[in-house]
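K.L.:
with the input below, show me the fold.
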Amino acid sequence: MAILQILKYPDETLTKVSKQVTDFDARLHQLLDDMRETMAKAGGMGLAGVQVGRILRICLVHTKEGIVELINPEIIFRNKVKRGDEGCLSIPNENYKIKRHHIITVAAKDRHGKEFTKDFHGIEAVCVQHEMDHMDGVMINSETKHHS
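P.N.:
Residues are numbered from 1 along each chain as shown. Predicted structure coming up:
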């Protein structure tokens, strides 16, 4: 495994819309393993492919059950909007107040291409939405920034 470089804002790569994953092969598995190691070293709760320069619809999210890999994720249910603090590995040492859904259900594929659905609540739901924003080329809105 390898530690990948996490791109920092204002790197233009972070504004690119990620492509659907179509090959569930050894290269994808290696990338997911490298992202897992990178996220752990950085102390993050989530990491999207675009943050390490891979313009693919993939992300990892740390949950109480462990790290969940989401490939080609789609939110199929949303509920309960709350405002809360949020940070980003691509914008270190900054915190933002963001409104997010605190209950979501996601349909995605695993590293082998098998479809699944998973419910996320609280901070885990916030993290998934944050990583999915990255896949759509959306960075945290600077107007919502507050100083920590």
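K.L.:
state the distance from the residue nearest the centre of the chain to residue 26.
P.N.:
Nearest to the mean C-alpha position of the chain, by CA atoms, centre = their mean, lies residue 131 at 2.4 Å. Using CB to CB, to the nearest Å, residue 131 is found at 23 Å from residue 26. For every residue, glycine as well, the C-beta is placed using N, CA and C.
K.L.:
just residue 7 next, same as before
P.N.:
24 Å.
K.L.:
before we move on, what about residue 9?
P.N.:
According to CB to CB, residue 9 and residue 26 sit 32 Å apart.
K.L.:
tell me the strands beside the helix or strand containing residue 105, with direction?
P.N.:
If you go by DSSP states H and E, residue 105 is part of strand 91-109. Sheet pairing here is set by DSSP bridges, and for strand 91-109 it gives strand 66-88 (antiparallel), strand 115-121 (antiparallel), strand 145-146 (antiparallel).
K.L.:
C-terminal to the longest helix along the chain, what's the next element?
P.N.:
Longest helix in the chain by number of residues (criterion: DSSP state H): helix 26-42. Sequence-wise, the next helix or strand downstream of helix 26-42 (DSSP H and E) is strand 46-48.
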